[in-house]
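Student: need a structure here:
(chains A and B, ligands or ions: 2)
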Amino acid sequence: MLETEQLTKKFKDTIAVDDVSLVLRQGESVGLLGPNGAGKSTAIAMISTLMKPSSGDVRLNGESVLKKPGDMRRVLGVVPQKIALYEELSAYENLKFFGRLYGLSGKKLEQRIDYVVELVGLADRKKELVKNYSGGMQRRINLAAAMMHEPEVLIMDEPTVGIDPQSRNHLLETIRKLNREEGMTVLYTSHYMEEVEKLCDRVYIMDHGKVIAEGTKEELKAILSDQETVLIDFDQNYPELFAKLSEIEGVQHAAAEEHSLKLIIPKGTRLLAALFHEAERYGAQVVNVNVQTPTLEDVFLRLTGRKLRD
Amino acid sequence: MKAVFLLQWRRFYRKPLLVLAMFGLTVIFVSVTAAGEQSGPQLIPVYADGSMSELQAQTWLERLNSEEQFQFELMPESEARSYVAEGDVSQAVNLLEADYRLLVGREDPARFALDSFLRRIYSEEMRLENAEQTTPGIRAEMESALSGPALTLSVESLQGADDSFQYNGQLQLLFGMTLFFVIYTIMFSLVRIVDEKRAGTWSRMIISPVRKWQVYLGHLGYSFLIGFSQITLIFLLFRFAFGFELGDRFWLLVAIAACYTFSIVALGLLIISLITKPQQLGAVIPIVATGMAMVGGAFWPIELVTNEILLAVSKVLPITYGLQALTSVAVYGNGLQAVAIPLLLLLGFGSICMAIAIRLMEWRSAS
Ligand SMILES: Nc1ncnc2c1ncn2[C@@H]1O[C@H](COP(=O)(O)OP(=O)(O)O)[C@@H](O)[C@H]1O
Ligand SMILES: [Mg+2]
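Tutor: Ligands and ions are numbered 1, 2, ... in the order given. Now for the predicted structure:
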C-alpha cells in the first residue's frame, strides 16, 4: 500500500538517502535497520511528507503523495525519534491536542484517549505532567500520541532509544499486538538487531543512505548464513599445514593464530575430509573443530566493515 | 488552527510566570515611579531682580498664569534659589525686562515644555509692546477683538491645538513602560515556534492534516491576544484603580494598542525567522526591546532627542508611532483623524515584516 521509488535526499555536503526503494504491504511489519547516520530518519521525514525529496517519489495506494499529501497525512501515524511532547502539559492534555489536530472532538476524542493510554499502560497516570514521567513513560506517550487518529500505517523511528528494559518490553509487546491483532501496517526503524528480529516479517538494511540488503527474515538469514566460520584447533603450530589448508578449494579467508586456524567458507563446502587428510600427512593432531553460524551483526560487519552499534 | 491557538492558552495556564512577570513589572514600575511625577500644573517659582518694579513683575506673573499649563509663583530670589537648591522644584524663572533666565537645579523633561512656553509668551508680549508704541491703544482694541472674534478657526495637529510641547510625566511613563514590557511578552511567546521546531512537536503538527499556515496563525493569534490583553488590562488598571487621566477616548487607545501589538508580533516573527537558535534569541530580544524603547521614546520623551541619527532611526520603529499616537489622544485630546497616519504606519510596518518573515521561513524549510 505504501512504497518509495528511488527516494533520494541530498543535503549540502551529504547524500543522506540514496536511491531507496521500499515497499510496505497491508498488514505487514517491516524493519528498517541501520547504524546512526544511515539515513533512516531522513527517509521517514520524506515518507511522512515532512520533507521534500531531492528526487524519487513516495506513493500511497499507487498515488504520489508529493503533490497531494492529504491522504498520507490522514492514514499515517509517526512516532518520532525525539520525544515530541509538551513537557509542561499532562499526558492527557497532549493527547487531546494531537487528537484535535486530526479533527477529533467530544466523546470520540475522550474515548480515543482512554483507548491509547490503556494501550500503552498509563491509564492511571494520564493526568500527570509529562515532565514528571520517566524516559520510558515519555516514550510510551510518544507512541500513544501517534495512535490518536487510528492510523492505518504506523512508522516508528527508533522508539526504544534510552529506555529501561521494562518499558522497552512493554513497547515492543504493544507494537506486536497492534500488528498481529489489529492488522496495523508497521515500519519499525532501529539499530537494534534483536528488536527487528522479534517484531518484523521483512527487513531492509540501510547504510550510508543506501539499502544494502533486504528480504524476509528467513531470506536474510539465508543470505547471511551462506558462509560459515570454521575454527580448527591443533596440538601445535604447523605453518606449512596452515598454508596448505588455506588453499583448499572454496576457502575465502583464512587466519592463523598460534595453534589454531580460522577459515571462512561458503556454506556446504565439504572441508572435513580434506582437513583430516592433510593433517594426517603432516602428522598433526586435530584437537577441536568448531563451526559458527554468523549473526546479523557479523553480516553487517562483513557488508560494511563496521559495527551496527557505536 | 483553533486547536493550536487553544493549546497555547493551556500552556500559558500551566506556565504563566513570564507573562505575569512582564505585567507585574509594568505595574510596579509605573506606580512606583509615577508617585514622583506630577500630572497637574507644575509649580514654578518666579523672581525678579532690581531691574524690574514690583508692579511690572506682577503684570508678568498674571500674564504667565493666564494659561493653565504651569503655576507660577512670585517670590524673593533667595527663596526661589533655596527651593531649587534643595531640589523641591527642578527650576525657577528669573524675569527680566525683555527676557528671562531659567535657573535649573536638575534635568527635568518639563524644562523643555517650560522653555517653549516662556518663549511663546515673551515673543507675543514683545510684539504687542512694539505695536503699542507705534499705534497707542492697540492692546485694548485687540483684547476686545479677541473676546468677540468674527471667525473661530480651530486647528488640530498631532501635537495639540498649538505647537507647544506638553509634558505629562505620568502618562509618558505609563505608555513608555507598557509598550516596552509588552515587547517581551509578545516576543517570548513567539519563541515557542522556535522551541517547537527544535522539540519536534512542530513536525507532528506539519504531518497532520492541519495546514502550515493554520499552525502559524494559531501561534500568531495567541501572541497577538496575550500582548493586546496585557496593554489593555494595564490601561484599565491605571485608569480605574490609579485614577490616571487617559482622556475621553479610551476606545481609541485600545485601537492604537491593537495596531501596535500587530506590528510587534510581525517584528517578532521576522526576528525568529532570522535567528533560529533559542539561546541567541534570549540575547537578541532584550537588545531589540531595550534599543527600540530608548530610541523610540519609551524611557524619555522623543522630543528631548536632538541627535539627527537617532531621530532618523526612531522613524522606522513601531514604538515611536505607538507612543506618538497614545500621547496625541490621551495628552492632547486628539481624535482618530490625528492618529490615522501613525496607525497606518504601524499596520504597514507589520505587514511588511510579516511578509518578509514568512518568505524567509518558507525558503529555509524548503531548502
Ligand atoms: N537537515 C539536515 N541537514 C544536513 N544534513 C543532515 C540533515 N539531516 C540529516 N543529515 C545528515 O544525513 C545523514 C542521515 O541522517 P539521519 O537520517 O538522521 O540518519 P539516522 O536516522 O539513520 O541516524 C547524516 O549524515 C546526517 O548528518
Ligand atoms: Mg535517526
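
Student: Going along the chain, name the strands of the stretch 51-200 of chain A.
Tutor: Taking DSSP state E, counting those that start in this stretch as the criterion, the stretch 51-200 of chain A contains strands spanning A:55-60, A:63-64, A:76-79, A:153-157, A:185-190.

Student: Below-threshold pLDDT in the stretch 51-200 of chain B: ranges please.
Tutor: Within the stretch 51-200 of chain B, the set of residues satisfying pLDDT under 70 comprises B:68, B:145-165.

Student: circling back to that earlier point, would you reformat the strands of the stretch 51-200 of chain A as CSV and include mean pLDDT?
Tutor: Output for the strands of the stretch 51-200 of chain A, formatted as CSV (pLDDT from 0 to 100):
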stretch, mean pLDDT
strand A:55-60, 94
strand A:63-64, 92
strand A:76-79, 96
strand A:153-157, 95
strand A:185-190, 94
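
Student: For B:S53, which of the ones you listed is the nearest?
Tutor: For B:S53, the closest of the strands of the stretch 51-200 of chain A is strand A:76-79, at 92.7 Å, according to Cβ to Cβ. Heads up, the C-betas are built off the backbone N, CA and C, glycines and all.

Student: returning to what we had before: okay, the strands of the stretch 51-200 of chain A in a markdown table with mean neighbour count and distance to chain B next?
Tutor: Output for the strands of the stretch 51-200 of chain A, formatted as a markdown table (neighbours: other Cβ atoms under 10 Å in any protein chain shown; distance: least, Cβ to the nearest Cβ, whole Å):
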| stretch | mean neighbour count | distance to chain B |
| --- | --- | --- |
| strand A:55-60 | 18 | 12 |
| strand A:63-64 | 12 | 16 |
| strand A:76-79 | 25 | 6 |
| strand A:153-157 | 23 | 10 |
| strand A:185-190 | 24 | 14 |
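
Student: Of all those, which one comes closest to B:Q337?
Tutor: Counting by Cβ to Cβ, B:Q337 lies closest to strand A:76-79 out of those; the figure is 55.0 Å.

Student: Give me the contacts around that closest one.
Tutor: Contact with strand A:76-79 is made by A:44, A:47-48, A:142-143, A:145-149, A:151-157, A:159, B:204, B:207, as judged by Cβ atoms under 8 Å, 6 or more residues apart in numbering or on different chains.

Student: Does it reach ligand 1?
Tutor: No - using Cβ under 6 Å from any ligand atom, strand A:76-79 stays clear of ligand 1, coming no nearer than 13.1 Å.

Student: how far does that strand sit from the chain's center?
Tutor: Centre-to-centre, strand A:76-79 and its host chain are 16 Å apart (Cα atoms, centre = their mean, to the nearest Å).

Student: Make CSV out of the strands of the stretch 51-200 of chain A and add distance to B:E303.
Tutor: CSV is the format used below for the strands of the stretch 51-200 of chain A (distance: least, Cβ to Cβ, whole Å):
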stretch, distance to B:E303
strand A:55-60, 62
strand A:63-64, 63
strand A:76-79, 58
strand A:153-157, 60
strand A:185-190, 64
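
Student: nearest to A:L24, of the ones you listed?
Tutor: Here strand A:185-190 is closest among the strands of the stretch 51-200 of chain A (Cβ to Cβ), at 5.7 Å.

Student: Would you map out the domains in chain B?
Tutor: Using automatic domain parsing, the domains assigned to chain B come out as B:2-36+B:168-366, B:42-140.

Student: List, out of the contacts of strand A:76-79, those positioned next to ligand 1.
Tutor: Among the contacts of strand A:76-79, ligand 1 is touched by none when using Cβ under 6 Å from any ligand atom.

Student: element containing the residue of the stretch 51-200 of chain B found nearest ligand 1?
Tutor: For the stretch 51-200 of chain B and ligand 1, the shortest gap (Cβ to the nearest ligand atom) falls at B:K197, measuring 11.7 Å. Applying DSSP states H and E as the criterion places B:K197 in helix B:169-199.

Student: Relative to ligand 2, which residue of the stretch 1-150 of chain A is the closest?
Tutor: Using Cβ to the ion, A:S41 is the residue of the stretch 1-150 of chain A that sits closest to ligand 2, at 3.2 Å.

Student: Could you list the low-pLDDT ranges of the stretch 151-300 of chain A?
Tutor: Low-confidence segments of the stretch 151-300 of chain A (pLDDT under 70): A:221, A:223-225, A:293-300.

Student: which phi and psi does the residue positioned nearest the centre of chain A have?
Tutor: In chain A, the centroid-proximal residue (Cα atoms, centre = their mean) is A:L33; its distance is 3.0 Å. Phi and psi for A:L33, reported as degrees, to the nearest 10, are phi -110, psi 140.

Student: and it, what is it in contact with?
Tutor: A:L33 neighbours (Cβ under 8 Å, 6+ apart): A:T189, A:S190, A:H191, A:M193, A:V196, A:V203, A:Y204, A:I205, A:M206, A:L308.

Student: Mind checking which of these are in helices?
Tutor: Among the contacts of A:L33, DSSP state H puts A:M193, A:V196 in helices.

Student: Export the contacts of A:L33 to JSON lines and append columns for distance to B:I231.
Tutor: JSON lines is the format used below for the contacts of A:L33 (distance: Cβ to Cβ, whole Å):
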{"residue": "A:T189", "distance to B:I231": "48"}
{"residue": "A:S190", "distance to B:I231": "52"}
{"residue": "A:H191", "distance to B:I231": "52"}
{"residue": "A:M193", "distance to B:I231": "59"}
{"residue": "A:V196", "distance to B:I231": "56"}
{"residue": "A:V203", "distance to B:I231": "59"}
{"residue": "A:Y204", "distance to B:I231": "56"}
{"residue": "A:I205", "distance to B:I231": "59"}
{"residue": "A:M206", "distance to B:I231": "54"}
{"residue": "A:L308", "distance to B:I231": "58"}
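
Student: contact partners of stretch A:93-113?
Tutor: A:74, A:85-86, A:89, A:92, A:116-117, A:126, A:130, A:141, A:144-146, A:148-150, B:2-3, B:6-7, B:10, B:204-205, B:208-210.

Student: from chain B, which residue is nearest to ligand 2?
Tutor: Using Cβ to the ion, B:G200 is the residue of chain B that sits closest to ligand 2, at 11.7 Å.

Student: Would you agree that residue is in contact with A:A84?
Tutor: Yes - with contact defined as Cβ atoms under 8 Å, B:G200 counts as touching A:A84 (3.2 Å).

Student: quick one: which of those two has more around it?
Tutor: More crowded of B:G200 and A:A84, by other Cβ atoms under 10 Å in any protein chain shown: A:A84, with 21 against 15.

Student: Quick check: phi and psi at the more buried one.
Tutor: Torsion angles, degrees, to the nearest 10, at A:A84: phi -100, psi 80.

Student: In this structure it contacts B:T201, no?
Tutor: Yes - here A:A84 reaches B:T201: they are 4.8 Å apart, a contact under Cβ under 8 Å.

Student: Report the central residue of chain B.
Tutor: Short answer for chain B (Cα atoms, centre = their mean): B:L323, at 3.3 Å.

Student: Would you map the helices across the chain?
Tutor: Picked chain A for this. For chain A, applying DSSP H gives helices covering A:40-47, A:70-75, A:91-101, A:106-119, A:135-147, A:165-182, A:193-199, A:217-224, A:239-246, A:272-282, A:296-304.

Student: Chain B, not that one
Tutor: B:2-14, B:17-34, B:54-65, B:77-85, B:110-134, B:138-147, B:169-199, B:201-206, B:212-240, B:250-274, B:278-296, B:308-314, B:318-330, B:336-366.

Student: what's the most buried one of the ones you listed?
Tutor: helix B:318-330 (a mean of 26; mean count of other Cβ atoms under 10 Å in any protein chain shown).

Student: by contact count, what packs against it?
Tutor: Under the contact definition 3 or more Cβ pairs under 8 Å, 6 or more residues apart in numbering or on different chains; DSSP states H and E, helix B:318-330 sits against helix B:169-199, helix B:250-274, helix B:278-296, helix B:336-366.

Student: Remind me what the last one packs against, helices and strands.
Tutor: Taking 3+ Cβ pairs under 8 Å, 6+ apart as contact, the helices and strands that helix B:336-366 lies on are helix B:250-274, helix B:318-330.
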